[in-house]
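Engineer: Provided below for reference: sequence and predicted model.
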Amino acid sequence: MSPMYAELHAHSAYSFLDGASLPEELVLQAHQLKLKAVALTDHNGLYGSMAFAHTAKAWGVQPITGAEITLKGGHHLTLLVESPRGYANLCRLLSHAHLDHPRGAPQVEWERLTRHSDGLIALTGCSQGELAAHVHAGKMDAAMRSLERYLDVFGRDRVWVELQHHRARGDTARVRRLVEVARALGAGVVATNNVHYHVRERHRLQD
């Protein structure tokens, strides 16, 4: 793997019933792969961020704090912290998601996201992201409108269209369409892996 690559979408065991590796294990694997940086983006929480950050610094890997939030309606959005203000805003969004909604169903409304977007970088999410869902359904106009909304809220330099290709059916077409949408609106693209375990042997556990 190229040392220029940084993983910006990774889940640890703190993504309950989904991630199959501890934050420390993800960091050590990133170090072995000679990655300069890695982001921890657990589902709707920052539970492993402290252990992740301490371990990353100890092993010379730049830690990037983030989370994959669930928007109202069920779509996912990846948020990365850019500044102390961004960290505070992410904490506010996550607290609202959990405290103001039924247990086990955290979510963030669009209006709340708009109010707390400063200092955060948005990646448009995995296959369950709003943008990816629209292009998968062939709704290119809706995908354009979705990306325009993100650009309006976060700013053109803080929104990246997330591309994931796991050699699964539909990946190639979805990635191609996402690139088309990004180019049409002048947005950047970024490749991520949606990591859920640090070594292949953990696949059965994650499954």
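Structural biologist: That came through, no problem. Numbering: from 1, shown residues only.
Engineer: ok, Leu8 touching Gly125?
Structural biologist: No. The criterion here is CB atoms under 8 Å, and Leu8 misses it with Gly125 at 11.6 Å. To be clear about C-beta, it is placed using only N, CA and C from the backbone, and glycine gets the same treatment.
Engineer: who's more crowded, the two?
Structural biologist: Neighbours were tallied for Leu8 and for Gly125 using other CB atoms under 10 Å; the higher tally belongs to Gly125 (26 against 23).
Engineer: phi, psi of the more buried one?
Structural biologist: The phi/psi pair for Gly125 (degrees, to the nearest 10) reads phi 100, psi 170.
Engineer: now Asp152: how far from Phe52?
Structural biologist: 31 Å (CB to CB, to the nearest Å).
Engineer: These two: which is more packed in?
Structural biologist: Remark: of Asp152 and Phe52, Phe52 carries more neighbours, 27 against 12, as counted by other CB under 10 Å.
Engineer: by contact count, what packs against whatever helix or strand Asp141 lives in?
Structural biologist: If you go by DSSP states H and E, Asp141 is part of helix 140-154. Where contact means 3 or more CB pairs under 8 Å, 6 or more residues apart in numbering; DSSP states H and E, helix 140-154 is packed against helix 110-115, strand 120-123, helix 130-136, strand 159-163, helix 171-185.
Engineer: which residues do Leu8 and Gly125 both contact?
Structural biologist: Thr78 (CB atoms under 8 Å, 6 or more residues apart in numbering).
Engineer: Glu89 - nearest residue in space that isn't next to it in sequence?
Structural biologist: Not quite, residue 89 is Asn, not Glu. His116 (4.0 Å; CB to CB, 6 or more residues apart in numbering).
Engineer: sorry, back to before: buried residues, the helix holding Asp141. List them.
Structural biologist: Ala143, Met144, Ser146, Leu147, Arg149, Tyr150, Leu151, Val153, Phe154 (16 or more other CB atoms under 10 Å).
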